[in-house]
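Visitor: Here is my input; please provide its structure:
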Amino acid sequence: MTWVPTSPVTGGAMTGFTSPTYTLTLDNAPDSTGKQYAITAIGGTQAGVNAHSVAQPFTMTLRKPKVLKTLGQPSPSTGLITNVGRNNYEFTIRKGVLPLAGQPYQVAIMRVNCEIPAGSDSADIANLRAMGSLAFGMLFSSSSGIADVWQTGIVG
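Guide: Numbering: from 1, shown residues only. Down below sits the predicted model:
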């Protein structure tokens with residue numbers, strides 16, 4: 001299955017936002033191992049939020065490994081696979097933000113990196129799906145709290 005997000009994307013609950021949505025337009029990824037979308041329209045009430053522009057980028061990118069690793073062979077003497085490679089997938093969101101009024105935009109970056117042991121994609125996909133379900137559900141349900149941490153620097 002390929003990554004084809006439905007547009008517009010409904011944003012997570014966030015203090016000060018009402019029904020946030022983000023319209024996606026397919027963009028060119030930074031390299032051939034990724035797929036990228038630019039956020040070209042903002043919906044709902046999101047005062048002060050801007051869509052993608054050259055000066056203030058707003059993109060999301062999913063990258064797969066340049067070379068996918070497969071599971072190696074077990075040792076003939078022990079039967080164990082001692083060196084299990086990992087396939088690293090990265091989801092990145094870039095958003096132009098002002099560090100101070102009157103200053104040029106800077107790019108804030110959020111990365112979610114997934115290191116998947118080679119072979120687990122076929123031997124244990126249910127547990128990989130559970131990991132993703134927890135992670136994305138937690139990020140969705142905690143979106144406002146995470147932004148509060150960015151604002152206050154207080155985790156708990």
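
Visitor: Quick check: residue 113 touching residue 90?
Guide: Yes. The pair residue 113 / residue 90 is scored as a contact, 5.1 Å apart, by CB atoms under 8 Å. C-betas here are computed from N, CA, C, even on glycine.

Visitor: out of the two, which sits in the busier spot?
Guide: residue 90 (16 against 10; other CB atoms under 10 Å).

Visitor: What separation do you get for that one and residue 112?
Guide: 7 Å (CB to CB, to the nearest Å).

Visitor: Whichever helix in the chain runs longest - contacts with which helices or strands?
Guide: In terms of residue count, the longest helix belonging to the chain (DSSP state H) is helix 125-141. Applying 3 or more CB pairs under 8 Å, 6 or more residues apart in numbering; DSSP states H and E, one finds that helix 125-141 contacts strand 106-117, helix 120-123.

Visitor: Each with direction, which strands does the longest one pair with?
Guide: Read that as strand 106-117. strand 86-97 (antiparallel) (DSSP bridges).

Visitor: The nearest residue to residue 25 once chain neighbours are set aside: how many residues sit nearby?
Guide: Excluding the flanking residues, the one nearest residue 25 by CB to CB, 6 or more residues apart in numbering is residue 40, at 4.5 Å. A count of neighbours around residue 40, defined by other CB under 10 Å, yields 16.
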